[in-house]
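# just a sequence and a predicted model for now, questions to come.
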Amino acid sequence: MRHGDEQMRALRSRARPLTALLLSAALGGCGNVTAGGVTGEAEVYMSGDAERGGTSTAAILSSPKGGGPSAPGASTAGVIVGAGLEGDVQVTASLYLRRAGAPLIDLTPAGAVTVTLDPGGAQEPLVADEVVPGGSYQGIRIIFTDVVAEVTGGLEIGGVPFTGAVRVDLAGDGLVVDRTLAITVGDDQPVALLVDLGSDVWLNLLNPLSRTVAAADFANAVEVTLR
């Protein structure tokens, strides 16, 4: 872990007890939000291409702004060659925990986070770490406002090596992706989630002429698992 990441984690650790205290006090007057004002820690990590765990349910896509699935002939199936994809993927997103009949819990209260990942999945950086109300959650919501890949190798389309920038076609306020997953948070039950972007899936569906990927093609590749 880089020195800057260690400093950030240390600052968060020092701030967490006070945050938990303030959150518990605030929840004390809110009936049925938590059991006795219990709080817990929720961490979210992100990967460009993690091993497929299959923990989240089949893709649930909300507000697929920026285009539907690729029309026939709009994309050309790519082939990953050699040791795999090379380059990087830069993502800007906001993350929330979902609970039935309750407001979303913001895991990125300081604003959307921007992270750069390798498309092969070697990195799994921490992108969110928050104290949240304890209890059961039904899943996570991710709002993607920018997704750009820079492919430097490992991808062929029609037998021809493909390199360069690829952008996911997000329009308007971004792409809202919901994933259903049983999540329990408590004093002795911190939770860590892994958002797998599935770069090996959606980069294979790019349109080589426009160098874009349809919003739904990207969203359908995203999985969330317990880490």
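Thanks, I have the structure now.
# from here on, just use CA atoms for contacts and neighbour counts.
OK.
# quick one: secondary structure of residue 217?
helix (DSSP: H, G, I helix; E, B strand; the rest coil).
# right, and it touches residue 205 too?
Yes: in this structure, residue 217 is within contact of residue 205 by CA atoms under 8 Å, at 7.2 Å.
# what's around residue 209, how many residues?
9 (other CA atoms under 10 Å).
# need the pLDDT of it.
With respect to pLDDT, residue 209 scores 93.
# phi and psi next, for it.
phi -80, psi -50 (degrees, to the nearest 10).
# against residue 224, how distant is it?
For residue 209, the distance to residue 224 equals 31 Å [CA to CA, to the nearest Å].
# just for the protein, where's the confidence low?
1-36, 52-77, 80-83 (pLDDT under 70).
# and the residue nearest the centre of it?
By CA atoms, centre = their mean, the mean C-alpha position of the chain lies nearest to residue 195, the distance being 4.2 Å.
# surely that residue touches residue 43?
No: in terms of CA under 8 Å, residue 195 does not count as a neighbour of residue 43; the distance is 10.8 Å.
# regarding this protein, what is its longest strand?
strand 135-153 (DSSP state E).
# and the following helix or strand past it, what does it pack onto?
Using DSSP states H and E, the next helix or strand after strand 135-153 towards the C-terminus is strand 155-157. The contact analysis (3 or more CA pairs under 8 Å, 6 or more residues apart in numbering; DSSP states H and E) places strand 155-157 against strand 78-80.
# by contact count, what packs against the helix or strand encompassing the residue nearest to the centre of the chain?
Following DSSP H and E, one finds residue 195 within strand 191-196. The contact analysis (3+ CA pairs under 8 Å, 6+ apart) places strand 191-196 against strand 39-47, strand 175-185, strand 223-226.
# closest to residue 122 out of the ones you listed?
Smallest distance to residue 122 across those (CA to CA): 7.7 Å, for strand 39-47.
# the closest one: partners in the sheet, and parallel or antiparallel?
strand 126-133 (antiparallel), strand 191-196 (parallel) (DSSP bridges).
# of all those, which one comes closest to residue 142?
Per CA to CA, nearest to residue 142 of these: strand 191-196, 9.3 Å.
# what does the following helix or strand past that closest one contact?
Following strand 191-196 in sequence order, the next helix or strand is helix 199-202 (DSSP H and E). Contacts with helix 199-202, where a contact means CA atoms under 8 Å, 6 or more residues apart in numbering, come from 48, 49, 80, 85, 119, 120, 213, 217, 218, 221.
# run the chain-centre distance for the strand holding residue 195.
Averaging C-alpha positions (CA atoms, centre = their mean, to the nearest Å) puts strand 191-196 8 Å from its chain's average.
# what does that strand rub up against?
41-50, 52, 183-185, 222-227.
# show me what residue 184 is bridged to.
residue 136.
# residues touching it, list them.
Here residue 184 is in contact with 134, 135, 136, 137, 191 (criterion: CA under 8 Å, 6+ apart).
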